[in-house]
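Enquirer: Dropping a prediction and its sequence here:
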Amino acid sequence: MTKKALIVGASGIIGSATADVLHNDGWKVWGLARKPSQQGNAVPVPADLLDSAGLVNALAGLDPTHVFISSWLRQPTEAENIRVNSAMVRNLLDALRPVGSVRHVALVTGLKHYLGPFEAYGKGALPQTPFREEQGRLDVDNFYYAQEDEVFAAAEKDGFNWSIHRPHTVVGKAVGNAMNMGTTLAVYATICKETGRPFRFPGVAAQWDSLTDMTDARLLGRHMLWASTTSDATNKDFNVVNGDVFRWSWMWTRIAKWFGIEPIAFDGQIRPLQEQMANDSEIWRDIAGRYELVESDLSRLTSPWHTDADLGRPIEVLTDMSRSRKLGFLDYQATDDAFFDLFERLRFDRIIP
């Protein structure tokens, strides 16, 4: 059987990396996004997941065997997150139903499954770390749960298999992405280097001192390929991280060294990136002009709010990968190298100088 993938959110960090993984494995790949890129290894499919009629038209003639969902829209409240993001999944699977070609659906969510939504992030009774899949759901509304329920309901109706993938903070390359710590830190470090500003950690003591982990987008793509083609992995939820652990007190120094700047040790004062970078739009425009960079709009490269949320968590966040390891997924990625690989790609593509 020819493997045909529909990647939903194909222009994002996860979707673009997954397209590369599947293409290199010999798959036919379609990439659905509101504004899909004309580059990369996926045939672009422009569509709005909230426009059910338009979605049906956009997917006409497509017969994917596997669907990889890595798309969401941030809303002002969790109630709206649930309404909008569950509708996106429901509309997609409804539109694919008449063809009957889908054999597996992979849904990407994240560690807010264990930490709670942004409105209740890291608050209340949380499971112990490292987070394990059997810890289940929190007793709180969460759009991740709503998305999962849409997949489960469609799987029961249509007879396909599913997998749920929960990465920690994802390192990868995408412009215009709403959650992009790697590029955000690269741009912040560049501004510090160009202006002589101190390279200050924007988070809290718990993140500076505690052990943590992250997820390389390429490893996540390989994990979804594995789970969608391994019989023992079907109909299971998985944590997905690189396999190493680190403290930000160490990683901050590593990142600073790559950019040739001095790291400033955390002194107990919280300095969110949203405040540090609040007036940097013109500074970046000037840097982009001097170095002839391809993107001069700071807002398309950075997501300070999301980096602040990750680095501002008051608890240790560590993830267990035993379920995947026991079933045979043994891939590993050193997180500092994931950052360095990203920085090299950003430099090669003239996104940073």
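Expert: Received, thanks.

Enquirer: all helices of the protein, in order?
Expert: In the chain, the helices defined using DSSP state H lie at 13-24, 52-59, 78-96, 112-115, 143-158, 181-195, 205-209, 217-229, 248-259, 273-276, 281-291, 304-311, 322-327, 335-348.

Enquirer: What's the mean pLDDT across the fourth one?
Expert: Taken as a whole, helix 112-115 has an average pLDDT of 92.

Enquirer: before we move on, what about the second one?
Expert: In this model, helix 52-59 has a mean pLDDT of 96.

Enquirer: the inter-axis angle of that helix versus helix 78-96?
Expert: If you take axes from the mean of the first three to the mean of the last three CA atoms, to 10 degrees, helix 52-59 sits at 40 degrees to helix 78-96.

Enquirer: CA atoms only: put helix 52-59 into PDB for me.
Expert: Taking Å, rounded to 0.1, in the frame of the first residue of the first chain, the C-alpha atoms of helix 52-59 are listed here in PDB:
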ATOM      1  CA  SER A  52     -16.100  23.200   6.900                       C
ATOM      2  CA  ALA A  53     -17.500  23.700   3.300                       C
ATOM      3  CA  GLY A  54     -14.200  25.100   2.100                       C
ATOM      4  CA  LEU A  55     -12.300  22.300   3.700                       C
ATOM      5  CA  VAL A  56     -14.400  19.700   1.900                       C
ATOM      6  CA  ASN A  57     -13.500  21.400  -1.400                       C
ATOM      7  CA  ALA A  58      -9.900  21.700  -0.500                       C
ATOM      8  CA  LEU A  59      -9.600  18.000   0.300                       C
END
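
Enquirer: What residues of it count as buried?
Expert: Buried residues in helix 52-59, counting neighbours by 16 or more other CB atoms under 10 Å, are found at 55, 58-59. Heads up, the C-betas are built off the backbone N, CA and C, glycines and all.

Enquirer: For His23, state which of those residues is nearest.
Expert: Checking the buried residues of helix 52-59 against His23 with CB to CB, the nearest one is Leu59 at 19.8 Å.

Enquirer: hang on, the earlier thing: what would the buried residues of helix 52-59 look like in a markdown table with distance to Gly289?
Expert: Output for the buried residues of helix 52-59, formatted as a markdown table (distance: CB to CB, whole Å):
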| residue | distance to Gly289 |
| --- | --- |
| Leu55 | 40 |
| Ala58 | 38 |
| Leu59 | 41 |
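
Enquirer: So which of those is the closest to Gly203?
Expert: When these are compared against Gly203 (criterion: CB to CB), the nearest one is Leu55, at 38.9 Å.

Enquirer: Tell me the spacing between that closest one and Ala265.
Expert: Separation of Leu55 from Ala265 (CB to CB, to the nearest Å) stands at 50 Å.

Enquirer: for Ala256, same thing?
Expert: From Ala256 to Ala265 the distance is 11 Å (CB to CB).

Enquirer: still on that earlier bit, which of the buried residues of helix 52-59 lies closest to Leu293?
Expert: Within those, proximity to Leu293 (CB to CB) peaks at Ala58, which comes in at 32.9 Å.

Enquirer: Would you mind putting the helices of the chain into JSON lines with distance to Val175 alongside?
Expert: Formatted as JSON lines, the helices of the chain follow (distance: least, CB to CB, whole Å):
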{"stretch": "helix 13-24", "distance to Val175": "10"}
{"stretch": "helix 52-59", "distance to Val175": "23"}
{"stretch": "helix 78-96", "distance to Val175": "22"}
{"stretch": "helix 112-115", "distance to Val175": "24"}
{"stretch": "helix 143-158", "distance to Val175": "25"}
{"stretch": "helix 181-195", "distance to Val175": "8"}
{"stretch": "helix 205-209", "distance to Val175": "26"}
{"stretch": "helix 217-229", "distance to Val175": "14"}
{"stretch": "helix 248-259", "distance to Val175": "20"}
{"stretch": "helix 273-276", "distance to Val175": "18"}
{"stretch": "helix 281-291", "distance to Val175": "13"}
{"stretch": "helix 304-311", "distance to Val175": "15"}
{"stretch": "helix 322-327", "distance to Val175": "30"}
{"stretch": "helix 335-348", "distance to Val175": "10"}
